[in-house]
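Colleague: Any chance you can model this:
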Amino acid sequence: MSLGLVGTIFLVGMLFAIFLGLPVAIALSAVGLLGLLYMGGLQTVIVMTGGTAVSELSHFSLLAIPMFMLMSSAITASGIGKTIVDFMTKWLHRIPGALHSAAVISCGIFAAMSSSSVATAAAVGGFILPEMRRRGHNMRLGIGAVAVGGTLGIMIPPSNFFIVYGVLTETSISKLFMAGIIPGLMIVLVMVLFNTILFWLRPSLTPATEVDYVPTRAEKMLALRNAWTGLLLIVCVVGGIVFGVVTPTEAGGLGAVIALLIGLFVLKTITKADISPIVVQAVRTTSMMGFIIFSGLILSRASTMMNLSQWLIGLVQDSGLEPWQVIVLINILLLLLGTFMEGSAITIMTVPLLVPLVVSLGYDPIWFAVVFAINMELAIVSPPVGLNIFVLQGVSGVPLKDAMIGVLPYAMLLLLCLVILIIFPQISLWLPTVMSR
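Modeller: From the prediction side, this is the model:
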């Protein structure tokens with residue numbers, strides 16, 4: 001059987017297993033195991049799966065995931081996210097579209113603490129969407145701002161996506177984290193500018209009660225005092241990584257300890273009885289991610305034995321396409337996959353195949369990680385699988401149709417940022433280059 005036919009069957013099998021409704025980890029590992037069985041027999045399956053479980057899952061870099069999951073659970077339980085949202089809404093009240101811009105910036109700040117897009121959207125949306133409804137705002141735009149702002153958990157460090165990408169491609173996780181900072185800030189800035197211009201051009205979008213609302217100086221200072229805990233956490237975790245004080249794994253452990261201490265002794269929103277549920281939640285999430293990563297590694301082993309990456313590189317070279325045309329096609333493929341597949345499945349399934357191809361075309365794998373991350377951000381808000389849309393629709397109670405319509409303009413802004421990053425790769429590469437000198 002030719003390599004091209006084997007590769008085609010391999011890829012179609014992955015998609016078919018997912019379409020059957022199998023859990024992502026089971027679908028991908030089943031196809032990977034069948035590939036190993038075909039290439040080397042039962043002994044290869046036993047050796048490869050055992051070796052992968054022992055060597056790869058004990059990778060020191062992967063230890064960052066349970067640490068960041070513990071930090072995320074502690075942040076959610078402590079209510080740090082609410083203090084950040086309250087701080088932003090009170091200090092940005094003078095600009096047009098203040099509440100929507102506050103939602104976006106709060107998502108960016110929370111993403112730098114939680115490393116989870118869904119947790120970011122749920123935490124910020126759970127506080128700010130009821131406030132928008134109370135003040136009489138357009139809920140469509142509110143859900144759009146929070147849903148797309150919540151996706152920043154993929155881009156802004158500490159990002160679980162960059163950890164998985166780094167392990168799968170053997171790329172420096174610290175450099176990946178640094179590469180996501182400026183693009184993440186760019187996305188926040190673009191969305192805030194959009195809100196400001198939109199609400200300035202259409203004053204009718206701002207309720208009369210919102211125009212009359214002016215927080216007192218005492219209220220603003222109280223909000224700032226309450227929010228310092230979250231800002232401290234960001235400085236310790238992200239600042240520690242950027243300036244080389246701690247590794248990403250150490251930053252995860254540091255962040256988890258600080259978040260628990262803040263909840264226990266500063267905000268006093270966490271009791272000793274809450275620690276067990278926080279740890280259990282972190283273990284559940286970590287176990288799920290660990291199973292998905294393991295299935296991806298099995299899949300990667302099978303594709304390596306089949307030499308699928310080299311087959312794909314040869315196919316592209318024979319096509320005569322220019323490198324930029326290949327990048328455009330890859331992005332179109334990722335955008336299409338994002339409409340019916342979950343982001344983690346796309347990452348595990350395509351990264352081992354696409355990264356060697358992208359590198360062979362002369363592109364930087366760190367830049368491609370950022371481009372890939374924006375595609376995964378779009379996947380989280382792309383119907384019918386867009387998880388953030390369903391989370392916020394459940395929080396707000398608005399019709400699903402309205403939630404999807406509200407997400408559309410903000411998703412277009414993400415697409416614009418994707419185009420900018422493809423045209424100007426130094427936006428993502430400048431900081432890793434400077435910090436590595």
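Colleague: ok, residue 206 - contacts?
Modeller: Neighbouring residues of residue 206 by CB atoms under 8 Å, 6 or more residues apart in numbering: 96, 97, 199. Heads up, the C-betas are built off the backbone N, CA and C, glycines and all.
Colleague: Against residue 198, how distant is the first one?
Modeller: As defined by CB to CB, to the nearest Å, residue 96 lies at a distance of 8 Å from residue 198.
Colleague: quick one: the strands in the stretch 251-400 of the chain?
Modeller: Assigned by DSSP state E, counting those that start in this stretch, the stretch 251-400 of the chain shows no strands.
Colleague: give the contact list for residue 153.
Modeller: So residue 153 contacts 110, 111, 114, 115, 116, 117, 118, 119, 120, 159 (CB under 8 Å, 6+ apart).
Colleague: mind redoing it with 10 Å?
Modeller: By CB atoms under 10 Å, 6 or more residues apart in numbering, the residues touching residue 153 are 72, 107-108, 110-121, 159-161, 184, 377, 380, 388.
Colleague: residue contacts, the closest residue to residue 303 other than its chain neighbours?
Modeller: The shortest distance from residue 303 to any non-neighbouring residue, by CB to CB, 6 or more residues apart in numbering, is to residue 352 (5.7 Å). Counting by CB under 10 Å, 6+ apart, residue 352 makes contact with 168, 169, 296, 297, 299, 300, 301, 302, 303, 304, 308, 309.
Colleague: again, but for residue 249
Modeller: Per CB under 10 Å, 6+ apart, neighbours of residue 249: 59-68, 158, 163, 173.
Colleague: circling back to that earlier point, ok, the contacts of residue 352 vs residue 433, which is closest?
Modeller: For those, the closest approach to residue 433 (CB to CB) belongs to residue 169, at 18.4 Å.
Colleague: Can you report how many residues neighbour the residue nearest to the closest one when sequence neighbours are not counted?
Modeller: Spatial nearest neighbour of residue 169, excluding adjacent residues (CB to CB, 6+ apart): residue 355 at 4.9 Å. Residues lying near residue 355 (other CB atoms under 10 Å) number 21.
Colleague: Find the residue ranges of the stretch 301-437 of the chain scoring beneath the pLDDT cut-off.
Modeller: For the stretch 301-437 of the chain, the stretches with pLDDT under 70 are 384-385, 437.
Colleague: ranges for the helices of it?
Modeller: 308-319, 323-338, 343-360, 365-380, 387-396, 400-423, 426-435 (DSSP state H, counting those that start in this stretch).
Colleague: what packs against the helix or strand hosting residue 32?
Modeller: Residue 32 is located in helix 24-51, with elements delineated by DSSP states H and E. Helices and strands touching helix 24-51, by 3 or more CB pairs under 10 Å, 6 or more residues apart in numbering; DSSP states H and E, are helix 3-19, helix 272-306, helix 343-360.
Colleague: how big is the angle separating the longest one from helix 24-51?
Modeller: Computed with axes from the mean of the first three to the mean of the last three CA atoms, to 10 degrees, the direction of helix 272-306 lies at 70 degrees from that of helix 24-51.
Colleague: so what does helix 272-306 touch, helix or strand wise?
Modeller: By 3+ CB pairs under 10 Å, 6+ apart, helix 272-306 packs against helix 3-19, helix 24-51, helix 64-78, helix 160-169, helix 248-261, helix 308-319, helix 343-360.
Colleague: what's the next secondary structure element after the helix or strand residue 221 falls within?
Modeller: Residue 221 belongs to helix 217-234 when assigned by DSSP H and E. For helix 217-234, the succeeding helix or strand toward the C-terminus, using DSSP H and E, is helix 240-242.
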